[in-house]
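**Student:** Dropping a prediction and its sequence here:
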Amino acid sequence: MIAVDSNILVYASRNDSPWHDASFSALATLADGAAPWAIPWPCVHEFIAVVTSGRFYDPPTPIEAAFAQIAEWLASPHLVLLSEGAGHFAALTEAVGTLHLRGVAIHDAKIAALCLANRITEFWTADRDFERFPTLRVRNPLVG
């Protein structure tokens with residue numbers, strides 16, 4: 001199963017992003033397909049925070065539009081939302097401990113741990129920081 005990072009979600013929803021077309025197409029392939037795909041809950045939260053903040057986009061996305069976009073993704077019959085379960089703490093401990101991560105890097109470790117605990121086969125992101133997790137297969141669907 002493929003999981004999608006918040007940056008892909010952001011780019012797909014913002015027409016003014018230079019990566020909009022590629023992100024929108026990648027998400028449409030997943031949402032319209034027959035195979036299960038996933039979004040980690042922290043990526044949903046981060047999506048809302050980024051698109052509704054004037055720090056990243058001017059004008060920011062109205063909160064109602066951000067939630068409407070999420071509702072569209074949730075309508076995909078094969079979408080799975082990844083949340084913490086019984087194996088999360090062990091996966092997080094391994095992801096953080098083996099790499100000696102601290103501070104803001106814990107956010108990425110949390111997402112990686114969710115993917116690993118849920119047996120995600122590929123994580124789509126434009127964030128190269130996820131490459132530091134050797135057991136997480138990462139792919140940037142925006143590049144050839």
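**Tutor:** Now that the structure is in, tell me what you want to look at. Numbers count the residues shown, from 1 in each chain.

**Student:** those strands in this protein, which residues are they?
**Tutor:** 2-4, 37-40, 79-82, 122-124, 138-139 (DSSP state E).

**Student:** So which bits of the helix or strand bottoming out on mean pLDDT in the chain are buried?
**Tutor:** Least confident helix or strand of the chain, by mean pLDDT, DSSP states H and E, is helix 88-99 with a mean of 88. For helix 88-99, the neighbour count (16 or more other Cβ atoms under 10 Å) marks H88, A91, L92, E94, A95, V96 as buried. (Glycine included, C-beta is placed from N, CA and C.)

**Student:** mind saving the C-alpha coords of that helix as PDB?
**Tutor:** Only the C-alpha atoms of helix 88-99 are listed here, as PDB (Å, rounded to 0.1, in the frame of the first residue of the first chain):
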ATOM      1  CA  HIS A  88       3.400   2.300  17.100                       C
ATOM      2  CA  PHE A  89       5.500   2.900  20.100                       C
ATOM      3  CA  ALA A  90       8.000   0.100  19.200                       C
ATOM      4  CA  ALA A  91       8.200   1.500  15.600                       C
ATOM      5  CA  LEU A  92       8.700   5.000  16.900                       C
ATOM      6  CA  THR A  93      11.300   3.900  19.400                       C
ATOM      7  CA  GLU A  94      13.200   2.100  16.600                       C
ATOM      8  CA  ALA A  95      12.900   5.000  14.100                       C
ATOM      9  CA  VAL A  96      14.100   7.600  16.700                       C
ATOM     10  CA  GLY A  97      16.600   5.500  18.500                       C
ATOM     11  CA  THR A  98      18.600   4.000  15.700                       C
ATOM     12  CA  LEU A  99      19.000   7.500  14.100                       C
END
